[in-house]
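Asks: just coords:
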């Protein structure tokens, strides 16, 4: 009886650890897509820090499930493997990835940018104009089609 | 049988448990504890790129032409989709500098500038795509970040491993010095020959993948060569346009002829030609 319980415990623990990896979105914003194609329909917008469960890999794309259970595709370059989620289920190990993120943000960050704003030699107002440009997926798809591009 | 199953489960558990922890520790040790260097995250790349762009825009006026800027962003984003780094922290952004110099540069994090001078040299969309593809490849290879002197990353690594960043002014100084390292490389020193060659060859691949004619890069380099002695700077910094033409030719299919698609040519003429001086 005791042996059976141990066996069940280990089976459950193994299943838990081998279950879908958790990925974390590392870009400011992206989209959960209907197909492994940047120009396919967006199922939901995704923002930095969102956790996604990996279902399978298809070339450079991941099929994932978001927090509300929606399945879709995201490009590999938009996500990183979540260390926190792994450590979170391990006894005695917590929050290492958050520490790393905090340390990583110490060098070149928004705080330091704010200190430079208004300084001679930095024109952030025009940088904001440049970065405000966004192209809708539908416009890009039409442009590619019209120009006989791929 | 039960014993074997138990051993298998135990092994799986230990392997999947220990491996991530050890890898995590190893990475953390490399990045933080040794203090040898500071690994730049994509978010940091974005912020340093914004500061480099702000520095460039304090020296060159921005040409705020919405129609041409939108057109450049459409061409650039078409190329980006086929690149090895299609998703970066803040996305790619393409814009114009109001300067007669024939030049193009990419700040870290995907902010790419073309001068009015180099846009004026292009005769069709494929030639504009060739310039953008070259600059995108510098971003993909993180070439702008490689211009930061190693001593700055070592200092930042030491701060990260040490106390709670009490020396915030020192960190700000490192930030500013890093910005100037990159701006100096983009505006004056130029990249190494190897970096330029990789960006050219990568641009050929990117153009082929998107359906742009790669011979357009050759055509642009020939134009750069013609004006090299007079005004072209960074786009032709080094190696010389002649050397770049030689290796680009070697990497093109023999006998291929530049063929700019008629609809691409029509929209190029509609958008670019009417904004020319």
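Replies: Looks like it came in fine. Since the model is a prediction, treat every value here as computed from it, not as a measurement.

Asks: for the strand or helix carrying residue B:94, what is the average pLDDT?
Replies: Using DSSP states H and E, residue B:94 sits within strand B:93-97. On average, the pLDDT along strand B:93-97 is 98.

Asks: check which element follows it along the chain.
Replies: Counting by DSSP H and E, what follows strand B:93-97 is strand B:104-107.

Asks: who touches that following strand?
Replies: When contacts are defined by C-beta atoms under 8 Å, 6 or more residues apart in numbering or on different chains, strand B:104-107 is touched by residues B:49-50, B:52-53, B:56, B:112-115, B:118, B:131-132, B:134-136, B:138-139, B:143-144, B:182, B:186-187, B:234-235. All C-beta spots, glycine's among them, are computed from the backbone N, C-alpha and C.

Asks: where along chain A do the helices fall?
Replies: Assigned by DSSP state H, chain A shows helices spanning A:2-18, A:83-88, A:96-104, A:110-116, A:124-131, A:137-146.

Asks: tilt between the strand holding residue B:94 and helix A:124-131?
Replies: Put simply, strand B:93-97 runs at 120 degrees to helix A:124-131, going by axes from the mean of the first three to the mean of the last three C-alpha atoms, to 10 degrees.

Asks: hmm, strand B:93-97 in reach of chain A?
Replies: Yes: Strand B:93-97 reaches chain A (C-beta under 8 Å from any C-beta of the partner chain) through B:93-95.

Asks: what's that strand in contact with?
Replies: With C-beta under 8 Å, 6+ apart as the test, strand B:93-97 has contacts from A:129-131, A:133, B:56, B:60-63, B:65, B:68-69, B:72-73, B:75-76, B:103, B:110-116, B:119, B:132.

Asks: excluding sequence neighbours, find me the nearest residue to residue B:91.
Replies: residue B:110 (6.4 Å; C-beta to C-beta, 6 or more residues apart in numbering or on different chains).

Asks: is stretch A:34-44 positioned near chain B?
Replies: Yes: applying C-beta under 8 Å from any C-beta, one finds that stretch A:34-44 is in contact with chain B at A:38-39.

Asks: so what touches that stretch?
Replies: For stretch A:34-44, contacts defined as C-beta under 8 Å, 6+ apart pick out A:31-33, A:58-61, A:63, A:66, A:70, A:72-73, A:75, A:137, A:140-141, A:144, B:81, B:86.

Asks: buried residues in that stretch, which are they?
Replies: Using 16 or more other C-beta atoms under 10 Å in any protein chain shown as the test for burial, stretch A:34-44 gives A:36, A:38.

Asks: what about chain A, any weak spots by pLDDT?
Replies: Residues of chain A meeting the criterion pLDDT under 70: A:1-20, A:83-106.

Asks: max-length strand in it?
Replies: Secondary structure of chain A per DSSP state E: the longest strand is strand A:51-58.

Asks: packing partners of it?
Replies: strand A:22-25, strand A:61-65, strand A:71-75 (3 or more C-beta pairs under 8 Å, 6 or more residues apart in numbering or on different chains; DSSP states H and E).

Asks: okay, angle between the second one and strand A:51-58 too, please.
Replies: Here strand A:61-65 runs at an angle of 140 degrees relative to strand A:51-58 (the same axes, to 10 degrees).
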